[in-house]
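Visitor: Everything below, folded, please.
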Amino acid sequence: MEHQVHYLENTHPSVGLVYIWSVFIDEYDFVIGEFDTDCQSLQIYSIEGNFLPLLIYQNFIGNASVPLFRRQSLEQVGGYKYNHCEDWELTLRIAAKYKIGVVPAFLLGYRQQQNTASSNISVMAQAYQEILSHWQANYQQINPQIFHWASGLFYTYLASKAYANRQH
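Guide: Here you go, the predicted model:
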């Protein structure tokens with residue numbers, strides 16, 4: 001977090017959040033993969049600026065432990081609003097009004113466990129679709145194809161989680 005604080009202190013107030021890179025770790029703290037191994041061409045992101053459509057397409061920020069929000073941006077858009085996929089939805093609201101920054105370093109281990117809220121495939125699918133539908137209805141200036149591609153990518157991710165958790 002120290003690097004993210006330094007980044008926000010030394011950048012323009014138009015940057016509403018700064019993220020870092022993370023790796024997946026198991027229950028024994030062993031690294032089991034980079035954040036996004038499902039998308040081979042985009043494993044490590046160094047995306048900065050205004051990238052709302054790309055963030056809709058794929059949550060390249062990752063999870064709630066990764067971003068550090070500028071207080072002003074968080075106050076302007078409000079806090080978490082959903083029970084599932086809420087971290088992605090919050091970053092979308094900030095990306096709609098602010099730029100995104102990155103500290104390009106692996107500074108977080110994101111523990112992967114079975115039987116967590118994000119492992120409930122049907123609940124995650126329902127929450128995701130609700131959020132995606134809201135954004136598609138309210139941001140019609142974004143190419144509709146992005147929403148279709150986003151759904152395909154997310155459901156591929158859910159299929160791999162379902163397989164890993166034996167939720168056939």
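
Visitor: going forward, measure contacts and count neighbours with C-alpha atoms only.
Guide: Noted.

Visitor: where do the helices sit along this structure?
Guide: 2-9, 52-57, 71-77, 86-97, 121-138, 144-164 (DSSP state H).

Visitor: Let's have the ones you listed in a markdown table, adding mean neighbour count, mean pLDDT and distance to F30.
Guide: Output for the helices of the chain, formatted as a markdown table (neighbours: other CA atoms under 10 Å; pLDDT from 0 to 100; distance: least, CA to CA, whole Å):
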| stretch | mean neighbour count | mean pLDDT | distance to F30 |
| --- | --- | --- | --- |
| helix 2-9 | 15 | 97 | 23 |
| helix 52-57 | 19 | 95 | 28 |
| helix 71-77 | 14 | 96 | 33 |
| helix 86-97 | 20 | 95 | 25 |
| helix 121-138 | 15 | 93 | 25 |
| helix 144-164 | 15 | 91 | 17 |
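
Visitor: so which of these gets nearest Y110?
Guide: Closest approach to Y110 among the helices of the chain (CA to CA): helix 86-97, 14.1 Å.

Visitor: Run through the neighbouring helices and strands of the closest one.
Guide: strand 15-25, helix 52-57, helix 71-77 (3 or more CA pairs under 8 Å, 6 or more residues apart in numbering; DSSP states H and E).

Visitor: May I have the first one as PDB, with CA atoms only?
Guide: C-alpha atoms of strand 15-25 as PDB (Å, rounded to 0.1, in the frame of the first residue of the first chain):
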ATOM      1  CA  VAL A  15      -6.600   9.700 -10.800                       C
ATOM      2  CA  GLY A  16      -9.300   8.200  -8.600                       C
ATOM      3  CA  LEU A  17      -7.600   4.800  -7.900                       C
ATOM      4  CA  VAL A  18      -4.300   3.100  -8.200                       C
ATOM      5  CA  TYR A  19      -3.900  -0.700  -8.500                       C
ATOM      6  CA  ILE A  20      -1.100  -3.100  -8.100                       C
ATOM      7  CA  TRP A  21      -0.400  -6.500  -9.500                       C
ATOM      8  CA  SER A  22      -1.300  -9.600  -7.600                       C
ATOM      9  CA  VAL A  23      -0.700 -13.400  -7.700                       C
ATOM     10  CA  PHE A  24      -2.900 -16.200  -6.600                       C
ATOM     11  CA  ILE A  25      -1.600 -18.100  -3.600                       C
END
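
Visitor: Thank you kindly, that will do.
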